[in-house]
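In: model the following, please.
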Amino acid sequence: MCAEPLLAVLIGPGGVGKGTIAQRLIDADENLWLSRSWTTRPQRASERGDEYVFVDAPTFERAIAEGRFLEWARFHDHLYGTPLPKAPAERDVLLEIEVQGAEQVRGRYPDAVVILITPPSDADLEGRLRARGDADEHVQKRLSSAPDEVTRGQELANFVVVNDDLERATNEILSILEGLRQQRRSPSSKD
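Out: Numbers count the residues shown, from 1 in each chain. Here you go, the predicted model:
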């Protein structure tokens, strides 16, 4: 008998590696389906173009008015949102979103599994932001909001994973997901 699909949510400050880890999880686990978020921010030169659905503000605002988002938020002057998931049958849903969005998801789906990804250090986070080509002003905005995102994320998270090594962090999350699936397939009896 199949268990209900998981709703797994990856959160963490910008530059922590959420997108890279999400893609590795999807590549490694055929039972996961990644919901692509929308954003009004411009595509970075370092992005392939499939990281988000890039739209203009009026298109995004129409989708909000039509109730097409599971969650959405304004973050650093841009809109970000997750469309209502339409996952293939019996696939677990993976969201890669901001902390504000995770708060909304948790409000709608209390059983969602939230995984906070943190950097090994502030200096490492700054280096990652600069390496992806972000402008200095954007790097400073992201760095100034990171402590609040981590604090709020710790309050929401079921699990915290330090992204000090991409392969290790990905494998840790894969293990978490498999453990959760096993629990759902054969819940322990509680006396």
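In: could you give the mean pLDDT of stretch 16-28?
Out: For stretch 16-28, mean pLDDT is 95.
In: now this structure, which segments are flagged as low pLDDT?
Out: 1-3, 187-191 (pLDDT under 70).
In: beta partners of the residue nearest the centre of it?
Out: Nearest residue to the geometric centre of the chain (Cα atoms, centre = their mean): Glu96, 1.9 Å. Per DSSP bridges, the residues bridged to Glu96 are Leu10.
In: count of residues packed around Asn158?
Out: Burial measure for Asn158: 15 neighbouring residues, criterion other Cβ atoms under 10 Å. No exception for glycine: its C-beta is placed from N, CA and C like everyone else's.
In: is it true that it touches Arg106?
Out: No - Asn158 lies out of contact with Arg106 (Cβ atoms under 8 Å); the separation is 10.0 Å.
In: so what sits against both of these two?
Out: Residues touching both Asn158 and Arg106 (Cβ atoms under 8 Å, 6 or more residues apart in numbering) are Val114.
In: which residue ranges of the protein form helices?
Out: 18-28, 57-65, 99-108, 122-131, 136-156, 166-185 (DSSP state H).
In: need those in JSON lines (columns: distance to Glu51 and mean neighbour count).
Out: Below are the helices of the chain laid out as JSON lines (distance: least, Cβ to Cβ, whole Å; neighbours: other Cβ atoms under 10 Å):
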{"stretch": "helix 18-28", "distance to Glu51": "5", "mean neighbour count": "18"}
{"stretch": "helix 57-65", "distance to Glu51": "16", "mean neighbour count": "13"}
{"stretch": "helix 99-108", "distance to Glu51": "15", "mean neighbour count": "19"}
{"stretch": "helix 122-131", "distance to Glu51": "15", "mean neighbour count": "16"}
{"stretch": "helix 136-156", "distance to Glu51": "16", "mean neighbour count": "15"}
{"stretch": "helix 166-185", "distance to Glu51": "16", "mean neighbour count": "15"}
